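[1] Pasting a predicted model and its sequence here:
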Amino acid sequence: MRASRSFATSLLEEIKELVKTRISEEILEKFVEEKLNNKFKELIEQLGGVKSGS
Amino acid sequence: MEAELVLENVGGMSGFHNLKFTKGAVNVVKAPNAAGKSSIIRAIALCFSVPYKSRRLAEMARDMGLLRQAGEAMEPLVYIGAKSARILMKFDGEEWKLDLFKDGNYVHVREGEERFLITSLLTRSSPILNKLLKGDVDFKWIVEAVSLADRYEVVARVIEKERNKAYELQMEIERRINEIENLKKEKITLEETIKNYKQEENELSTKLSELLANRREVGELRKQRDHLIAKIKEQEEKIKKFSESIKELKKREEELSERYETKFAEKEHLEKENKKFLKEIEVTNKELKELDEDLKNYEERLKNIEKQVESLRVEEGRLLAKSEMYEEALKLLAQSQKVLCFLCEEGYLTAKRLGEKVSSVKRQLSEVRDKISVFLNERNKIYSKLRKRDELKKKLKELIKTQSEILRKLQSIEQALSTYLEEVKPIHERRIGLEARLKDEEQLLNKYRDELKELDKSISELGKEEQVIVERIATLRGRIEEVEKQLKRIEKMLETKSYIETIGHRMTLERAKKVLEEWLTTLDEVLRNVQVEARKERIMAMELFNDQIKKVLKDSKFDYLDVWIDASNFRLHIIDRRVGVEVSPRILSEAERYVLVLIIHIALKLAYSPYPPFLLVDEVVLSLDETRRRAVLNYLSHLAKENGWFVILTELGHEPEITVSLFTGL
């Protein structure tokens, strides 16, 4: 719970910085998608998921 | 102050067109119908608002005829006979240039303000006007488009999409868990069925043996049969034991593999950490090396500085004493008219000479102090670098300690991984060996069963009852084989369905369930944060709009209307204060509606995009009666002066050319 809160807070700070510049919606979407994808992978690896084929 | 607009092949106008506008004034563009007035207004708006980074505003630009709609072949602002159009606007020493090509591409020299479209451009196709015409007072879209709420909504949509994907995966896992439960139940039923069939087969075999015992001629056959049945039973027992051993070994192997996978993931994580720390150690070492280089001979340098400072301090003391002496002498000269000059080590000095001496000594004193200060700064810099070096050394020590700890952990994991491999290898080999033997034993059992079938066939020919029993036994054996096949298929399915794959990772269902629970909590947390920010942005935008429109209504003397956006639902409220009732924009007269829309645009412009300082109004005020027209034009003129805006209006003209005149007051 604490880890998810800390991730949510730091991601929001990064988003705020980008949003302030009125960044393009496409770039913003890609940025958030990539951040979430990396976090999901990290979570899977932490909880014992194994890369397919390894 | 003027703005110069150069248009090349824009809209319906071929070739070059040059227009000049005056700052702080209402500029009226007059031309007959279809001469290009609207194109001028739209071209200026496009030049000041591209590129559109918001999809909503890009769509608005298409709806207002600034850019082509999807599927349209031509750009509306490029002259039909040309390949491209150019819009060039110069004002306040700035140059805004946009080259718009027929295929929809454009090149701009500076980034515009995309909100200019909502705040500073009023035409008959303005979305605010069209919505009010339909009685639509939902202003949430405006509040979102002018604030940063739109961007936060984009982020929220991405998170919701991810959340839906996670929910779908969660449902898939639940479905699989249920499926596995059903398969396990089915397996138990099948095992039960086999057990029942075998029991019946045993009972029938016993009965058959009893019947055959009574027949002398089948005595030998009966003996053979009993012997065969004993062998079959023994073989079945043997196979059962083999299967159990294989199952045990398989379970153990799976447990070890799972432990291995967990340790492997831990190892990968630690390797990443190790890499990170090594990089940091490298950076810190580099910094330390640079500092060491900087601090070369620092003790000698410090000694030299101390020596220089000491010598300068002596000089400073000497100069201070001299200065005090000269100042004292000056005071004495001032007190006594009789003393005309002062005798000192330099001889007799007059008051004027003494004054000069004081200035000279002070100048020298200041120079000496400057030098001292330079040396002290140098010394402080050396001390600060020494402090930084100590900190870096401490940091490096910590980093090396942590990195060594990681390496130690890695070694221990490597050791554990190799132990697991050593442990799993003999188990695996033993299982494979047992499986091969099981196959042989199964083949032997089948051989015995075939022999029994043949024997029973011979015996069955001896009596009707025996034949019925033998047939039943044969049927039962056929069914047992069939059910055993089904059982194997279910076991295979159970193995396949116990794992799930997502984004290139394989997990057991239990683990995947845990991961998704954690992931959904994280996504909910992120979404909540983003929604709070979006709400804050909307509220701030709404409050700013409400403040501005109140002021604009008052300044424009249209304050018989009270207009505001409601915080609870972002709907626009219009109250006619003369009668004290809320009115729908649909029942307002056309003129009143135009005035209201103009006022809303002005409030939005004042609040959100005062730059570029242009307000563009296309043919709207034409429909106003003389009183309102006068009030609106006077107010626009006042606004232009007060804010340094270029207000540009278009009107129907009777001259064949496009002309720009200034509104000078009615």
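    Done, it's in.

[2] Around chain A, pick out the residues from the stretch 1-150 of chain B.
    Taking Cβ under 8 Å from any Cβ of the partner chain as the criterion, the stretch 1-150 of chain B approaches chain A at residues B:Pro51, B:Lys53, B:Ser54, B:Arg55, B:Glu114, B:Leu148, B:Asp150. The C-beta positions use only the backbone N, C-alpha and C, and glycine is treated the same way.

[3] so which two of those are the farthest from each other?
    B:Pro51 and B:Leu148 (17.4 Å; Cβ to Cβ).

[4] Which one's more surrounded, the two?
    Neighbour comparison, B:Pro51 and B:Leu148: the larger count goes to B:Leu148, with 20 against 12 (by other Cβ atoms under 10 Å in any protein chain shown).

[5] next one: phi and psi at that one?
    Dihedral pair for B:Leu148: phi -90, psi 0, per degrees, to the nearest 10.

[6] For A:Lys51, give me the pLDDT.
    Predicted confidence (pLDDT) at A:Lys51: the value is 67.

[7] An error on my part: the question was meant for B:Val620.
    As predicted, B:Val620 sits at a pLDDT of 61.

[8] Same question for B:Val632.
    At B:Val632, pLDDT is 88.

[9] Kindly report the same for B:Val470.
    84.

[10] Okay, buried residues for the strand or helix carrying B:Glu484 please.
    Take DSSP states H and E as the rule and B:Glu484 turns out to sit in helix B:464-497. The neighbour-count check on helix B:464-497 (16 or more other Cβ atoms under 10 Å in any protein chain shown) flags B:Glu466, B:Ile469, B:Val470, B:Ile473, B:Ala474, B:Leu476, B:Arg477, B:Ile480, B:Val483, B:Leu487, B:Ile490 as buried.

[11] again, but for stretch B:234-251
    For stretch B:234-251, the buried set under the neighbour-count rule, 16+ other Cβ under 10 Å, comprises B:Gln235, B:Ile239, B:Phe242, B:Ile246, B:Leu249, B:Lys250.

[12] Might you specify the subset of the residues you listed located within helices?
    Judged by DSSP state H, helices contain the following of the buried residues of stretch B:234-251: B:Gln235, B:Ile239, B:Phe242, B:Ile246, B:Leu249, B:Lys250.

[13] thinking again about what came up before, could you export the buried residues of stretch B:234-251 as CSV, including distance to chain A?
    Listed next are the buried residues of stretch B:234-251 as CSV, based on distance: Cβ to the nearest Cβ, whole Å:
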residue, distance to chain A
B:Gln235, 40
B:Ile239, 34
B:Phe242, 31
B:Ile246, 24
B:Leu249, 22
B:Lys250, 19
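
[14] Please list the residues of chain A that sit near chain B.
    With Cβ under 8 Å from any Cβ as the criterion, chain A comes near chain B at residues A:1, A:3-5, A:7-9, A:11-12, A:15-16, A:18-20, A:22-25, A:28-29, A:32-33, A:36-37, A:39-41, A:43-52, A:54.

[15] what about B:Glu203, neighbour count?
    11.

[16] go on, the one 3 residues further on?
    Taking other Cβ under 10 Å as the criterion, the count of residues near B:Thr206 is 11.

[17] quick one: the nearest residue to B:Ala474 once chain neighbours are set aside from chain A, how far?
    In this structure, B:Ala474 finds its nearest non-sequential neighbour in B:Lys453, 6.5 Å apart by Cβ to Cβ, 6 or more residues apart in numbering or on different chains. Separation of B:Lys453 from chain A (Cβ to the nearest Cβ, to the nearest Å): 47 Å.

[18] Tell me the helices and strands packed up against the helix or strand hosting B:Lys453.
    Secondary structure from DSSP H and E places B:Lys453 in helix B:351-460. For helix B:351-460, the elements it packs on are helix B:149-213, helix B:219-294, helix B:298-335, helix B:464-497, judged by 3 or more Cβ pairs under 8 Å, 6 or more residues apart in numbering or on different chains; DSSP states H and E.

[19] closest to B:Met542 out of those?
    Set against B:Met542 and scored by Cβ to Cβ, the helices and strands packed on helix B:351-460 come closest in helix B:149-213, at 10.0 Å.

[20] Can you pull out the low-pLDDT segments for chain A?
    For chain A, the stretches flagged by pLDDT under 70 are A:1-2, A:48-54.

[21] if you set the cut-off to 80 instead, what comes out?
    Applying pLDDT under 80 to chain A picks out residues A:1-4, A:47-54.

[22] which residue is nearest the middle of it?
    A:Lys35 (2.6 Å; Cα atoms, centre = their mean).

[23] helix, strand or coil for that one?
    Under DSSP: H, G, I helix; E, B strand; the rest coil, A:Lys35 falls in the helix class.

[24] Contacts only, for it.
    By Cβ atoms under 8 Å, 6 or more residues apart in numbering or on different chains, A:Lys35 lies in contact with A:Leu11, A:Glu14.

[25] Please report the distance of it from B:Arg535.
    22 Å (Cβ to Cβ, to the nearest Å).

[26] and what of B:Ala70?
    32 Å.

[27] who has more neighbours, these two?
    Neighbour count, other Cβ under 10 Å: between B:Ala70 and B:Arg535, B:Arg535 has more, with 12 against 7.

[28] In space, what's closest to the more buried one - neighbours in sequence excluded?
    Distances taken as Cβ to Cβ, 6+ apart put B:Ala149 closest to B:Arg535, at 7.9 Å, once the chain neighbours are dropped.

[29] these two touch, right, that neighbour and B:Glu537?
    Yes - taking Cβ atoms under 8 Å as the definition, B:Ala149 is a contact partner of B:Glu537 at 4.0 Å.

[30] More neighbours: which of the two?
    Legend: neighbour count by other Cβ under 10 Å for B:Ala149 and B:Glu537, higher for B:Ala149 (25 against 21).

[31] any idea how far B:Ser323 is from that one?
    69 Å.

[32] what's the answer for B:Leu88, then?
    67 Å.

[33] can you check B:Lys381 too?
    31 Å.

[34] More neighbours: which of the two?
    More neighbours surround B:Ser323 than the other of B:Lys381 and B:Ser323, with 18 against 11 (other Cβ under 10 Å).

[35] quick one: which of the residues of chain A next to chain B sit in helices?
    Per DSSP H, the subset of the residues of chain A next to chain B in helices is A:3-5, A:7-9, A:11-12, A:15-16, A:18-20, A:25, A:28-29, A:32-33, A:36-37, A:39-41, A:43-46.

[36] what's near enough to touch residue 19?
    This is for chain A. Going by Cβ under 8 Å, 6+ apart, A:Val19 touches A:Leu28, B:Leu148, B:Arg151, B:Tyr152, B:Val155.

[37] Let me rephrase: I mean chain B.
    Counting by Cβ under 8 Å, 6+ apart, B:Leu19 makes contact with B:Glu4, B:Leu5, B:Leu7, B:Val29, B:Ile40, B:Ile658, B:Val660.

[38] for those residues, which one is nearest chain A?
    Checking the contacts of B:Leu19 against chain A with Cβ to the nearest Cβ, the nearest one is B:Leu5 at 26.1 Å.

[39] Look up which helix or strand the closest one falls in, please.
    For B:Leu5, the host element (DSSP H and E) is strand B:2-10.

[40] Just the buried residues of the helix or strand following that strand, please?
    Per DSSP H and E, the first helix or strand lying C-terminal to strand B:2-10 is strand B:13-22. The neighbour-count check on strand B:13-22 (16+ other Cβ under 10 Å) flags B:Met13, B:His17, B:Leu19, B:Phe21, B:Thr22 as buried.
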